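Participant: following is a predicted model, sequence given first.
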Amino acid sequence: MKAPRGLPAELAAVDRCLVMGVVNVTPDSFSDGGDHFDVESAVAHGMALTREGADLVDVGGESTRPGAARVTSAEEARRVLPVVRELAAAGLVVSVDTMRSEVAEAALDAGAGLVNDVSGGAADPAMAKLVASAGVPYVAMHWRGHSAGMDALADYRDVVAEVVAELQQRLDALVAAGVDPQTVVLDPGLGFAKRPEHSWAVLARLDALLALGRPVLVGASRKGFLGTLLADGAGQPRPTAMREDATTAVTALAAAAGAWAVRVHQVAASADAVRVAARLRGSASPAGGPCGVPS
């Protein structure tokens, strides 16, 4: 899948699925909330993820776990801007994970090169104008509502068809607002307003998302649908920290299916997995394939 327009040249030239490392500057994220809440720790974590093989890092200051309450714009900015600034100054490609245009704008000014918006622009109508003006890659996720109430919105007759249709509608709305469609990356929003069976169904049909003609980002890392699958004999979900092997399996499958990038908390194993997937895709095509790499 062709890289989105506006991506730094060094990443646009990478001929495989990219690995996006997660830097949560929050006290309450579902997986690692509080682990990197201060600036020094968050910056060190972002640097460590890069050394482990992350192609870019995604810095967020507001938890989007199910049931999470929102923080103020000022608090979100206070959390992320120093981290974005230091990581960008160190030469990393930085994405800002935010639904707010004012936070995104400040992060871009601080050196971020991408905007990752779990609402796909639905939470803040000003977001489309900002990314249209900035011309940066923009990740638009499938979203039906804020975290506090999203579980009640997991109602589908045909989850794959509905997610694809709703992402197409969001893409159309962004383009109508002036966003260059070539800058847009689509994210199916695994776990967002989706029960485990919904996430699995969508993950199994990445081809339907890729048919929309835009790069696809897959964020499965440590999510609840993996914990449910790996539940113990008493039906207790596998603890979050023990879902890394399953996350790596999803990375390999998503990369082999043609995903543009995967978003993960631990990078090293996924960095290996995307290279394995690229090598296999290259071997499967007489011409080397769009994701082929040298042997």
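Facilitator: That came through, no problem. Residues are numbered from 1 along each chain as shown.

Participant: strands along the stretch 51-200 of the chain, start to end?
Facilitator: Using DSSP state E, counting those that start in this stretch, the strands assigned to the stretch 51-200 of the chain run over residues 56-60, 94-97, 114-117, 138-141, 184-187.

Participant: got those strands as JSON lines, with mean pLDDT and mean neighbour count columns?
Facilitator: Using the backbone N, CA and C atoms, a C-beta is placed for each residue, glycine as well. Shown next, in JSON lines, are the strands of the stretch 51-200 of the chain (pLDDT from 0 to 100; neighbours: other Cβ atoms under 10 Å):
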{"stretch": "strand 56-60", "mean pLDDT": "98", "mean neighbour count": "27"}
{"stretch": "strand 94-97", "mean pLDDT": "98", "mean neighbour count": "28"}
{"stretch": "strand 114-117", "mean pLDDT": "98", "mean neighbour count": "27"}
{"stretch": "strand 138-141", "mean pLDDT": "98", "mean neighbour count": "27"}
{"stretch": "strand 184-187", "mean pLDDT": "98", "mean neighbour count": "24"}
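
Participant: quick one: the ones you listed as JSON lines, columns for distance to Pro82 too.
Facilitator: Converted to JSON lines, those look like this (distance: least, Cβ to Cβ, whole Å):
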{"stretch": "strand 56-60", "distance to Pro82": "10"}
{"stretch": "strand 94-97", "distance to Pro82": "12"}
{"stretch": "strand 114-117", "distance to Pro82": "18"}
{"stretch": "strand 138-141", "distance to Pro82": "22"}
{"stretch": "strand 184-187", "distance to Pro82": "26"}
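
Participant: and these: which comes nearest Arg205?
Facilitator: When the strands of the stretch 51-200 of the chain are compared by Cβ to Cβ, strand 184-187 sits nearest Arg205, at 13.2 Å.

Participant: and the contacts of that closest one?
Facilitator: 4, 116, 118, 137-142, 167, 171, 174, 209, 212, 214-219, 260-261 (Cβ atoms under 8 Å, 6 or more residues apart in numbering).

Participant: what's near enough to touch the closest residue to Arg79 other than its chain neighbours?
Facilitator: Nearest residue to Arg79, sequence neighbours excluded (Cβ to Cβ, 6 or more residues apart in numbering): Gly61, at 3.4 Å. Gly61 is in contact with 25-26, 71, 75-80, 97-98, 103, counting by Cβ under 8 Å, 6+ apart.

Participant: mind running it again at 7 Å?
Facilitator: 25-26, 76, 79-80 (Cβ atoms under 7 Å, 6 or more residues apart in numbering).

Participant: and for Asp207?
Facilitator: Contacts of Asp207 (Cβ under 7 Å, 6+ apart): Ala257.

Participant: a helix runs through Ala259, doesn't it?
Facilitator: No: secondary structure assignment (DSSP: H, G, I helix; E, B strand; the rest coil) places Ala259 in coil, not in a helix.

Participant: pull the contacting residues for the closest residue to Val163 other than its chain neighbours.
Facilitator: Using Cβ to Cβ, 6+ apart and skipping the chain neighbours, the partner closest in space to Val163 is His142 (5.1 Å). His142 sits next to 163, 166-167, 187-189, 192 when contact means Cβ under 7 Å, 6+ apart.

Participant: now do 8 Å
Facilitator: His142 touches 120, 163, 166-167, 170, 186-189, 192, counting by Cβ under 8 Å, 6+ apart.

Participant: please narrow these to those residing in helices.
Facilitator: Counting by DSSP state H, the part of the contacts of His142 found in helices is 163, 166-167, 170.

Participant: out of those, the closest to Leu230 would be?
Facilitator: Val163 (23.8 Å).

Participant: tell me the contacts of the closest one?
Facilitator: Applying Cβ under 8 Å, 6+ apart, we find Val163 in contact with 142, 188-189, 202, 209.
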